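In: sequence below, structure please.
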Amino acid sequence: MRKQDCTGLNVAAHPGRKRAMKKTVPVRVCFAACAGLAATREGTISYQAGDALLTGAEGERWPVARKRFFASYEALPPAVMGKDGLYIKKRLPVWALRISEPFSVATERGLLSGQAGDWLVQYGPEDYGVVGASIFAATYAMLPDEEQQSSRG
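Out: Okay, here's the model as predicted:
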């Protein structure tokens, strides 16, 4: 079965988009000692030494570039920023689009794939993630309709 290619899709401009925010669900983080490849549920993603390697509530693993990690996560005490430990995502809104068929999106670190019903999340320009439907439901909250409206444009 051929997958829908969502590479370059501007989720923020799509009529079916939703505004969402990560819930304060702790994730375990360790920092990579050297560059490598991470086999995630969505595809194989490269990472560099110093990047954050996260493990979520369902045992899912994914890397986050060090600069992006420091901008979007905060340490839960007694963890110290930049050291292994528990972290939570900062309350930053994202655009999300539920895709109704199998899909893929090329990122600078690798090709991500999703199943029908999974979510394509856009964190910023050319910055995408694929989040499985059950993980999205457990770890993201939709913003109220008035915030959906005020975020458009």
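In: pLDDT value on the spatially most central residue of the chain, please?
Out: Compute the mean C-alpha point of the chain, and by CA atoms, centre = their mean the closest residue is residue 129, 4.4 Å away. Turning to residue 129, the model gives it a pLDDT of 92.
In: next: residue 1.
Out: Note for residue 1: predicted pLDDT of 62.
In: likewise the one 3 residues further on?
Out: The predicted structure scores residue 4 at 92 on the pLDDT scale.
In: ok, residue 22 to residue 124 distance?
Out: Note on residue 22: its distance to residue 124, by CB to CB, to the nearest Å, is 14 Å. For every residue, glycine as well, the C-beta is placed using N, CA and C.
In: and residue 58, by the same measure?
Out: 25 Å.
In: what's the answer for residue 59, then?
Out: As judged by CB to CB, residue 59 and residue 124 stand 27 Å apart.
In: those two - which one has more neighbours?
Out: Neighbours were counted for residue 59 and for residue 124 using other CB atoms under 10 Å; residue 124 has more, 13 against 7.
In: who's that one bridged to?
Out: Per DSSP bridges, the residues bridged to residue 124 are residue 127.
In: could you chop the protein up by domain?
Out: 1-24+92-153, 25-90 (automatic domain parsing).
In: which one of those has the lowest average pLDDT?
Out: domain 1-24+92-153 (a mean of 88).
In: and it, how far from the chain's centre?
Out: 9 Å (CA atoms, centre = their mean, to the nearest Å).
In: same thing with stretch 66-74?
Out: Distance of stretch 66-74 from its chain centroid, counting by CA atoms, centre = their mean, is 12 Å.
In: could you do stretch 34-50 as well?
Out: Taking mean C-alpha positions (CA atoms, centre = their mean), stretch 34-50 and its chain are 14 Å apart.
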